[in-house]
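[1] model the following, please.
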Amino acid sequence: MSQRLSAPARREQILHVALEVFANSGFHGASMNDIAEAAGVTKPVLYQHFDSKRDLYQALIEEVGNRLRTNIGKATAEATNGKSQTELGFRAYFRWVADDHDGFRLLFGSGSRRDDEFNEAIRKIIAESARAVAPLIAVDIDESHRETLAHALVGLAEGASRRLVGLGQDFDPDAIAAEVSALAWAGLRAVTPKD
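    Numbering: from 1, shown residues only. Sure thing, here's the model as predicted:
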């Protein structure tokens with residue numbers, strides 16, 4: 001039997017273990033029995049913290065999304081100009097991917113987007129990330145254009161990360177961030193206001 005933990009500590013432990021189980025098996029491939037066994041608890045203990053497997057999965061999406069946004073927000077807060085904001089934002093993102101493969105796979109690779117409810121939660125995380133990036137685009141363009149470019153930058157980072165995580169090898173997040181941010185910055189510098 002597992003060690004007696006406080007309710008918040010037990011919840012954290014379950015979330016941590018469930019992330020790995022869901023990232024490896026997807027929502028449909030994982031069962032509450034799998035999660036309980038991996039966490040060293042009984043199913044009734046799981047249900048004390050989460051009403052259902054769906055509730056647990058939704059909580060994980062929110063938790064992982066919050067970690068991602070927090071990391072990028074803290075990193076870009078230190079920036080002194082648009083170029084450094086771009087570099088620091090990509091560096092925080094790729095460090096998050098390198099350190100949290102399971103979190104990345106949960107959001108972008110475990111089939112979450114095939115479920116309407118989970119897809120909506122992930123779209124919200126992407127939209128919030130793009131909204132955080134948009135003000136960093138220091139070009140005199142209308143707001144809709146800025147939002148589109150912000151989504152493009154988020155997609156650029158996600159696409160590169162899919163490849164890196166799919167290779168299953170370690171990578172230097174700072175080197176990748178330097179390459180991708182150089183591409184993004186060059187592209188942003190070429191943006192001109194629409195006539």
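
[2] okay, CA-based contacts and neighbour counts for the rest of this
    OK.

[3] per-residue pLDDT, residue 110?
    pLDDT recorded at residue 110 is 62.

[4] report the mean per-residue pLDDT for stretch 184-195.
    Here stretch 184-195 scores 79 as its mean pLDDT.

[5] lowest-pLDDT helix or strand in the chain?
    When each helix and strand of the chain is scored by mean pLDDT, DSSP states H and E, helix 116-133 comes last, with a mean of 87.

[6] tell me the helices and strands packed up against that helix.
    In terms of contacts (3 or more Cα pairs under 8 Å, 6 or more residues apart in numbering; DSSP states H and E), helix 116-133 is packed against helix 53-77, helix 143-167.

[7] gap between the last one and the chain center?
    The reference is to helix 143-167. From the chain centre to the centre of helix 143-167 is a distance of 12 Å (Cα atoms, centre = their mean, to the nearest Å).

[8] residues of that helix that come out buried?
    By neighbour count with 16 or more other Cα atoms under 10 Å, helix 143-167 contains the buried residues 146-147, 149-151, 153-154, 156-158, 161, 164-165.

[9] what's the angle from it to helix 116-133?
    Helix 143-167 runs at 120 degrees relative to helix 116-133, counting by axes from the mean of the first three to the mean of the last three Cα atoms, to 10 degrees.

[10] got the CA positions of the helix or strand following helix 143-167 in PDB?
    Sequence order places helix 173-189 as the next helix or strand after helix 143-167, per DSSP states H and E. Written as PDB, here are the backbone C-alpha positions of helix 173-189 (Å, rounded to 0.1, in the frame of the first residue of the first chain):
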ATOM      1  CA  PRO A 173      16.200  23.100 -26.600                       C
ATOM      2  CA  ASP A 174      18.300  26.200 -26.600                       C
ATOM      3  CA  ALA A 175      19.900  25.400 -30.000                       C
ATOM      4  CA  ILE A 176      16.500  24.500 -31.500                       C
ATOM      5  CA  ALA A 177      15.000  27.700 -30.000                       C
ATOM      6  CA  ALA A 178      17.800  29.800 -31.500                       C
ATOM      7  CA  GLU A 179      17.200  28.300 -35.000                       C
ATOM      8  CA  VAL A 180      13.400  28.600 -34.900                       C
ATOM      9  CA  SER A 181      13.400  32.100 -33.300                       C
ATOM     10  CA  ALA A 182      15.800  33.300 -36.000                       C
ATOM     11  CA  LEU A 183      13.400  32.000 -38.600                       C
ATOM     12  CA  ALA A 184      10.400  33.600 -36.900                       C
ATOM     13  CA  TRP A 185      12.200  36.900 -36.300                       C
ATOM     14  CA  ALA A 186      13.300  37.200 -39.900                       C
ATOM     15  CA  GLY A 187       9.700  36.500 -40.900                       C
ATOM     16  CA  LEU A 188       8.300  39.000 -38.500                       C
ATOM     17  CA  ARG A 189      10.700  41.700 -39.700                       C
END
